[in-house]
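J.: The sequence and its predicted three-dimensional model are supplied below.
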Amino acid sequence: MSPTAPPLTVGFDLDMTLIDTAPGFREVLRALGAELGVELPVEEMTAALGPPLEMMLAPHLPADDVAAAGDRFRALYPAHAIEAVPLLPGAREALAAVRERAGRVVVVTGKYAPNARLHLDHLGLEVDVLEGWVWGAGKADALRREGASAYVGDHVHDVEGALAAGVVSVSVLTGGCPREDLVAAGTHVVLEDLREFPSWLAGHGR
């Protein structure tokens with residue numbers, strides 16, 4: 001008798017993969033800049049979503065102020081960023097495609113987990129596991145622990161996390177990383193957006 005196959009588990013990034021974080025991020029940056037009395041380049045920073053927040057703030061603030069500014073950003077976030085942030089096209093259908101195969105959905109994100117949870121709850125996205133505040137290759141631990149077979153993200157550092165975990169890297173073009181950069185990083189699959197994910201999953205053999 002053959003052993004029972006483990007359940008399908010697919011990991012997803014959150015920002016710019018499942019949700020369009022840009023409107024909320026923009027509003028929080030404006031509120032933070034106003035509090036700090038600093039003219040942050042809001043549009044430039046919003047266009048470069050992906051790296052950890054403190055890394056994005058560092059060029060614009062004294063080094064000793066960055067950590068506190070990051071904490072204040074996260075405190076301001078619920079009031080400014082939840083209502084304004086929509087699902088990206090195909091996100092709900094992508095999670096449903098995993099569920100239709102009796103699969104598990106794991107969200108592994110660089111976002112502060114309590115704020116990530118607010119987005120999921122507000123948008124009615126049910127996930128089995130939420131792992132927050134992990135970046136790049138640091139995402140591999142959660143993906144391995146949960147037995148993921150694929151990780152879906154929008155950034156070259158999401159590719160890095162998938163490859164470090166030894167799982168299939170699926171990239172979407174909704175986050176601004178060009179196709180050629182994602183391919184150069186080693187992704188296995190590039191989709192225009194999550195609307196293409198159910199068809200890809202159907203042909204993936206699980």
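T.: Thanks, I have it.
J.: In this structure residue 48 contacts residue 56, no?
T.: Yes: applying C-beta atoms under 8 Å as the test, residue 48 and residue 56 come out as touching, 6.9 Å apart. The C-beta positions use only the backbone N, C-alpha and C, and glycine is treated the same way.
J.: any idea how far the strand or helix carrying residue 56 is from the chain center?
T.: Here residue 56 sits within helix 53-57, counting by DSSP states H and E. The chain centroid and the centroid of helix 53-57 are separated by 16 Å under C-alpha atoms, centre = their mean, to the nearest Å.
J.: Mind listing what's buried along that helix?
T.: Within helix 53-57, the residues that count as buried by 16 or more other C-beta atoms under 10 Å are 53, 56, 57.
J.: quick one: contacts of the helix or strand hosting residue 75?
T.: Element membership of residue 75, judged by DSSP H and E, is helix 66-81. By C-beta atoms under 8 Å, 6 or more residues apart in numbering, the surrounding residues in contact with helix 66-81 are 21, 23-25, 27-29, 31-32, 35-36, 53-54, 57-58, 61, 112, 115, 118.
J.: Quick check: next helix or strand after that helix?
T.: In N-to-C order, the element after helix 66-81 by DSSP H and E is helix 91-100.
J.: Residues in contact with that next one: which ones?
T.: With C-beta under 8 Å, 6+ apart, helix 91-100 has contacts from 8, 10, 12, 17-19, 104-105, 125-127, 152, 194-195, 197-198, 201-202.
J.: Out of those residues, which sit inside helices?
T.: 197, 198, 201, 202 (DSSP state H).
J.: By neighbour count, which of these wins?
T.: Neighbour counts for the ones in helices among the contacts of helix 91-100 (other C-beta atoms under 10 Å) peak at residue 197, which has 25 neighbours.
J.: State the distance from the spatially closest residue to that one that is not a sequence neighbour to residue 146.
T.: The shortest distance from residue 197 to any non-neighbouring residue, by C-beta to C-beta, 6 or more residues apart in numbering, is to residue 94 (4.2 Å). Using C-beta to C-beta, to the nearest Å, residue 94 is found at 17 Å from residue 146.
J.: Between those two, which has more neighbouring residues?
T.: More crowded of residue 94 and residue 146, by other C-beta under 10 Å: residue 94, with 27 against 18.
J.: so what pLDDT did that one get?
T.: Per-residue pLDDT puts residue 94 at 98.
J.: got it, and residue 6?
T.: At residue 6, pLDDT is 81.
J.: which residues does the closest residue to it other than its chain neighbours contact?
T.: Of all residues not flanking residue 6 in the chain, residue 147 sits nearest, at 5.5 Å (C-beta to C-beta, 6+ apart). By C-beta under 8 Å, 6+ apart, the residues touching residue 147 are 6, 7, 9.
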